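Trainee: sequence plus predicted model, see below.
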Amino acid sequence: MKIFILFIFTGLSVLFANVDRFYPYPTHIDANEIAKQSYFVNHQFYLNNQFVKSNKKNSMLIVKYHQGSKPMVLRAKRYLNNDYNDGITKSKDLIIFLSGNLRGTGILAREYVDSTKSLEILMWLPALRKVRRMAEPSKNIGYSEADIAFLEETKLRRLSDDSYALLEKKKMLFDFAYLKLDKSLLNRFTRKLPQKQVSATYEVYLLKATPKENAWYDYRIDYVDTKHFTIHRTHFYVEGKIVKTVDRQWKRVEGIKDERAYMWDYWYSINPETHFETVNYIPTKIVKNNVENVKSSFWSQKTLKKIKR
């Protein structure tokens with residue numbers, strides 16, 4: 001069960017404690033500042049909230065695939081809220097699964113302003129009709145050979161967990177990888193997955209991040225956009241060898257003036273040895289940002305208990 005939770009959803013040292021919703025665009029650049037800016041973008045602090053809903057044709061998709069087998073597809077909807085000013089809660093993230101063995105399961109993750117506190121994770125179990133509290137998953141294991149944890153990337157992996165080094169700045173052509181599925185494996189939802197390679201040139205910082213304590217990898221290199229601080233690609237290394245690669249394709253969030261207002265819509269990872277692939281896909285048409293007149297009580301156990309299987 002914990003492995004699936006990783007697709008849902010980074011305490012911080014004094015150095016990083018001031019990264020919040022109002023963190024300014026940089027006036028100087030070094031390795032730590034690039035890490036802070038990427039943290040800001042990954043947490044979507046440029047938004048008050050974001051709703052990723054679902055309809056009969058489009059849905060947030062989580063796909064795991066190994067050639068020769070049938071892809072495992074999960075549909076989900078997600079509700080993010082960063083709009084807290086009580087000095088206690090930093091953000092809340094709610095995901096509801098709509099298909100597969102997790103259909104009807106809801107998970108609510110709460111991140112605290114107090115960086116020494118672990119995530120509060122509440123899970124609605126439809127079979128039991130009960131809410132269960134879960135411990136924060138460990139960030140120091142790989143969760144299978146191919147899965148790159150979105151939870152680790154945006155919640156668990158705290159800035160102060162790593163040391164950073166700026167290797168270089170350069171322009172690069174990215175030929176973004178994507179999940180190629182035979183037509184016989186497509187359904188009405190996976191048929192929406194992009195089936196064409198996207199290529200683009202960006203100026204990027206090569207940022208090396210090395211865990212301060214033992215982790216499932218020795219270090220990673222993030223290819224960070226010099227203007228928007230989106231991470232286009234990440235290589236994870238063990239003993240100098242790439243063990244996982246993540247490609248992210250980003251789209252501009254309309255209506256937000258911040259230059260960093262970008263969100264990924266296609267997030268792809270692969271294990272180069274096993275060729276096991278993982279994709280998260282969010283069609284832009286089902287995303288709504290800064291929804292007004294939504295009470296913070298929506299992100300509560302009460303909402304979890306209303307989920308229908």
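Mentor: That came through fine.
Trainee: A31 touches L166, doesn't it?
Mentor: Yes - when contacts are counted by CB atoms under 8 Å, A31 is listed as touching L166 (4.2 Å). (Each C-beta comes from the backbone N, C-alpha and C, glycine too.)
Trainee: quickly list what's touching both of the two.
Mentor: L207, K208 (CB atoms under 8 Å, 6 or more residues apart in numbering).
Trainee: need phi/psi at the residue sitting furthest away from the middle of the chain.
Mentor: Distance to the chain centre peaks in the chain at S184, reaching 29.1 Å (criterion: CA atoms, centre = their mean). The phi/psi pair for S184 (degrees, to the nearest 10) reads phi -70, psi -20.
Trainee: now do I62
Mentor: Backbone torsions of I62, given as degrees, to the nearest 10, read phi -120, psi 110.
Trainee: how much space separates the closest residue to it other than its chain neighbours from I231?
Mentor: Sequence neighbours aside, L74 is the residue nearest to I62 in space, at 4.2 Å (criterion: CB to CB, 6 or more residues apart in numbering). Separation of L74 from I231 (CB to CB, to the nearest Å) stands at 24 Å.
Trainee: per-residue confidence at the residue nearest to I62?
Mentor: Looking at L74, its pLDDT is 90.
Trainee: same question for Q50.
Mentor: Listed pLDDT for Q50 reads 97.
Trainee: okay but it is in contact with V287, surely?
Mentor: Yes - the pair Q50 / V287 is scored as a contact, 6.7 Å apart, by CB under 8 Å.
Trainee: mutual contacts of those two, please.
Mentor: M263.
Trainee: what's in contact with the helix or strand the residue nearest to I62 falls within?
Mentor: L74 is part of strand 72-81, with elements assigned from DSSP states H and E. Strand 72-81 is contacted by residues 4, 7-8, 44, 47-54, 59-65, 91-100, 102, 187, 189-190, 294, 296, 298-299 when judged by CB under 8 Å, 6+ apart.
Trainee: run through the helices of the stretch 151-300 of the chain in chain order.
Mentor: Using DSSP state H, counting those that start in this stretch, the stretch 151-300 of the chain contains no helices.
Trainee: neighbours of S91, how many?
Mentor: 24 (other CB atoms under 10 Å).
Trainee: bridging residues for it?
Mentor: Judged by DSSP bridges, the bridge partners of S91 are E111.
Trainee: okay but it is in contact with H43, surely?
Mentor: Yes - between S91 and H43 there is a contact at 6.9 Å, judged by CB under 8 Å.
Trainee: what sits in contact with each of these two?
Mentor: N82.
Trainee: ok, now which ones touch M60?
Mentor: V52, S54, R75, A76, K77, R78, N280, Y281, I282, P283, I286.
Trainee: I'd like the residues you listed laid out as CSV, including distance to R158.
Mentor: Formatted as CSV, the contacts of M60 follow (distance: CB to CB, whole Å):
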residue, distance to R158
V52, 24
S54, 31
R75, 30
A76, 25
K77, 27
R78, 22
N280, 21
Y281, 27
I282, 24
P283, 31
I286, 30
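Trainee: possible to save these as a markdown table with distance to P272 and neighbour count?
Mentor: Shown next, in a markdown table, are the contacts of M60 (distance: CB to CB, whole Å; neighbours: other CB atoms under 10 Å):
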| residue | distance to P272 | neighbour count |
| --- | --- | --- |
| V52 | 30 | 19 |
| S54 | 33 | 19 |
| R75 | 28 | 19 |
| A76 | 27 | 26 |
| K77 | 32 | 18 |
| R78 | 29 | 20 |
| N280 | 19 | 21 |
| Y281 | 21 | 23 |
| I282 | 25 | 21 |
| P283 | 28 | 20 |
| I286 | 32 | 17 |
